[in-house]
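Enquirer: With the input below, show me the fold.
(chains A and B)
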Amino acid sequence: AQSVTQLGSHVSVSEGALVLLRCNYSSSVPPYLFWYVQYPNQGLQLLLKYTSAATLVKGINGFEAEFKKSETSFHLTKPSAHMSDAAEYFCAVTNTGFQKLVFGTGTRLLVSP
Amino acid sequence: NAGVTQTPKFQVLKTGQSMTLQCAQDMNHNSMYWYRQDPGMGLRLIYYSASEGTTDKGEVPNGYNVSRLNKREFSLRLESAAPSQTSVYFCASFDSSSYEQYFGPGTRLTVT
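Expert: Okay, the predicted model is just below:
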């Protein structure tokens, strides 16, 4: 069985500060990992994905994530937060041949001026 | 490309009423999904369809039925709505070459 744990339902940062959103996964086979972002009253859109190529993955809007097998982690980072980054972020896991995504419970990012 | 579209955007039902949520995708994807999103619980899979003519239960199927009408369309039906079904419902389709799911804008359903 696969699962995802996102630590912290809310994360608050100041504009210009480092953003770090944590995601740990559990999977019995090599995982594919995703970060999705949801802006208020909208659907989810893909930020970035890891599908067994480079372990450091760059996504849209300056976000990146690093796959660390030894730590079973896929944390999302951005060097400098912007007000427009305020949204909810979801980590998700799947694997080859398994078309269902398993989502974490989400982390709401709050950015203050 | 419109991507994944959902209708309606908002709906209010009384307990016991029925309704169908519509979803369509124009990306020629085989697999489609219905999720519900509730505060603090992330997205939970209700039903999915791996291909036209097939459907399977997800994590929370009770109280729902689905129809994969053709490759483009996947509908979700509530036969007798209950307040516990108040939620935001998302439809998604799956690109098997990129392993990405594409989401619709959601339907906000309130059952009173």
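Enquirer: nearest spatial neighbour of A:S14, skipping sequence neighbours?
Expert: Counting by Cβ to Cβ, 6 or more residues apart in numbering or on different chains, A:S112 is the residue found nearest to A:S14 once chain neighbours are left out, at 5.4 Å. For glycine as for every other residue, the C-beta is placed from the backbone atoms N, C-alpha and C.
Enquirer: And the pLDDT for the one you found?
Expert: At A:S112, the pLDDT value in this model is 96.
Enquirer: Grab the longest strand from the chain for me.
Expert: This is for chain A. Longest among the strand segments of chain A by residue count, using DSSP state E, is strand A:87-95.
Enquirer: I was after chain B.
Expert: Chain B, longest strand under DSSP E: strand B:87-95.
Enquirer: Okay, and the beta partners of residue 87?
Expert: Picking chain A for this. Note on A:A87: beta-bridge partners by DSSP bridges are A:L109.
Enquirer: The chain in question should be chain B.
Expert: Going by DSSP bridges, B:S87 is paired in beta bridges with B:L109.
Enquirer: so who does it touch?
Expert: By Cβ atoms under 8 Å, 6 or more residues apart in numbering or on different chains, B:S87 lies in contact with B:36-38, B:109.
Enquirer: mind running it again at 10 Å?
Expert: By Cβ atoms under 10 Å, 6 or more residues apart in numbering or on different chains, B:S87 lies in contact with B:35-39, B:41, B:44, B:46, B:60, B:106-111.
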